[in-house]
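Peer 1: Sequence and predicted structure, then a few things I'm wondering about:
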Amino acid sequence: MSTDDLVLVTGRDPAALARSAETALGAPLPWVGEADARAASATVWLASGLLPVTPRALPSLRWIHSAWAGIDRWLDRPEWSGSVVLTRTVADFPERITEHVLGHLLAGEIDVVRAERQQAAKLWQRWTPGTLGGKTMLIAGHGEIGRRLAATARAFDMSTLGLRRGPVTAEERAAGIHTEEALPALLSRADVVVSLLPATPATESFWNAGRFERFKEGSVFVNVSRGRVVDDQALLASLERGRPARAILDVFREEPLPAGSPYWSHPGVRITPHVAGLGSADSEGKAFAENWKRWRAGEPLRHVVDRARGY
Ligand SMILES: NC(=O)c1ccc[n+]([C@@H]2O[C@H](COP(=O)([O-])OP(=O)(O)OC[C@H]3O[C@@H](n4cnc5c(N)ncnc54)[C@H](OP(=O)(O)O)[C@@H]3O)[C@@H](O)[C@H]2O)c1
């Protein structure tokens with residue numbers, strides 16, 4: 001904490017972000033904009049949206065707060081060096097992603113697409129909707145978002161399994177949460193596999209041919225974390241074999257997803273443009289304000305990123 005703090009704010013809409021942080025705090029903050037000559041003296045950086053292509057020279061920087069939950073883009077940034085602390089945002093991502101995942105799964109079960117098609121054709125033809133109840137969901141990446149998703153999925157009478165880097169406690173194991181060596185057995189039980197793994201060197205192409213082979217026939221794969229955790233060729237080949245039968249994808253190795261990607265026209269693939277957790281400046285600003293209070297009080301910050309783990 002320093003009384004001379006200057007907070008650099010960058011992103012999609014820095015003014016809205018600054019306003020929402022001040023509203024949450026009930027007090028003004030010492031903001032400095034990107035174009036301001038004093039930006040180079042910033043001690044704190046509230047970073048939302050895309051990062052500048054050219055790294056910034058910020059010799060006084062001590063704390064970076066990412067308005068995003070995934071911090072993979074910071075892993076090789078020189079601004080996050082030495083004793084600079086990096087924190088990330090959790091805010092309402094767990095609720096938003098939970099609704100996104102369950103919403104798309106339910107839409108598949110009750111066949112919203114068919115209802116729309118039939119309505120357009122004024123066709124009265126009944127079908128038996130599926131149900132999530134009784135199915136098993138494996139959540140790979142059982143962290144902040146995964147725990148919320150699991151609790152809500154159980155409210156739909158689903159059984160849940162979890163994968164963590166670990167170590168896991170005996171109590172967690174009893175609740176179906178395991179580490180990587182148990183993954184083949186977990187996959188053979190899962191009707192739905194949700195990837196919430198952060199992008200790190202250890203999770204690059206985590207979902208590869210060998211792992212898709214263990215998927216149950218007719219299962220659904222959902223990726224709402226990062227595109228880099230999936231081997232796309234392996235997923236496309238596995239979809240042909242029905243393991244999984246469907247994929248609900250919000251994130252891709254290259255974004256925007258190129259027009260030539262086979263995912264666009266694949267009948268088993270549902271695409272959304274990285275919106276599963278997209279939040280408002282309000283929730284991002286509020287999350288920053290909470291940590292700012294701690295920073296000023298010299299208290300430990302929340303959601304500090306572990307450099308060695310990479311998430
Ligand atoms: N699509 C969107 O709009 C959107 C929005 C927000 C977030 N996200 C993505 O969601 C990810 C998860 O967010 P979160 O807040 O839930 O993160 P988190 O709380 O850090 O949870 C990450 C989980 O992944 C586990 N994990 C990490 N590396 C692993 C490995 N090699 N093998 C097995 N498990 C591993 C961790 O294990 P431990 O518990 O043992 O540490 C933890 O349980 C973010 O990294 C981000 O990429 C996407």
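Peer 2: Structure received. Numbering: from 1, shown residues only.

Peer 1: So which residues of the stretch 101-250 of the chain form helices?
Peer 2: Secondary structure of the stretch 101-250 of the chain (DSSP state H, counting those that start in this stretch): helices at 112-120, 144-155, 170-174, 183-189, 209-213, 232-240.

Peer 1: Which residue, other than its chain neighbours, is closest to residue 138?
Peer 2: Leaving out its chain neighbours, the residue that sits closest to residue 138 by C-beta to C-beta, 6 or more residues apart in numbering is residue 190, at 3.7 Å. Just so you know, the C-beta spots here come from the backbone N, C-alpha and C atoms, and that holds for glycine as well.

Peer 1: between the helices of the stretch 101-250 of the chain, which gets nearest to the ligand?
Peer 2: helix 144-155 (3.5 Å; C-beta to the nearest ligand atom).

Peer 1: residues in contact with the residue nearest to residue 138?
Peer 2: Listed by C-beta atoms under 8 Å, 6 or more residues apart in numbering, the contact partners of residue 190 are 136, 137, 138, 161, 215, 216, 219.

Peer 1: swap the cut-off to 7 Å and go again
Peer 2: Counting by C-beta atoms under 7 Å, 6 or more residues apart in numbering, residue 190 makes contact with 136, 137, 138, 161, 216, 219.

Peer 1: and the residue of the stretch 51-200 of the chain nearest the ligand?
Peer 2: Counting by C-beta to the nearest ligand atom, the stretch 51-200 of the chain gets nearest to the ligand through residue 143 (1.8 Å).

Peer 1: Give me every residue in the stretch 1-150 of the chain lying close to the ligand.
Peer 2: 69, 70, 90, 93, 97, 141, 142, 143, 144, 145, 146 (C-beta under 6 Å from any ligand atom).

Peer 1: Now with 5 Å, please.
Peer 2: 69, 70, 93, 141, 142, 143, 144, 145 (C-beta under 5 Å from any ligand atom).

Peer 1: Pretty sure residue 99 sits in a strand.
Peer 2: No: Residue 99: not assigned to a strand; according to DSSP: H, G, I helix; E, B strand; the rest coil it is helix.

Peer 1: Just give me the neighbour total for it.
Peer 2: 15 (other C-beta atoms under 10 Å).

Peer 1: now the one 4 residues further on
Peer 2: Other residues lying near residue 103 total 13 when counted by other C-beta under 10 Å.
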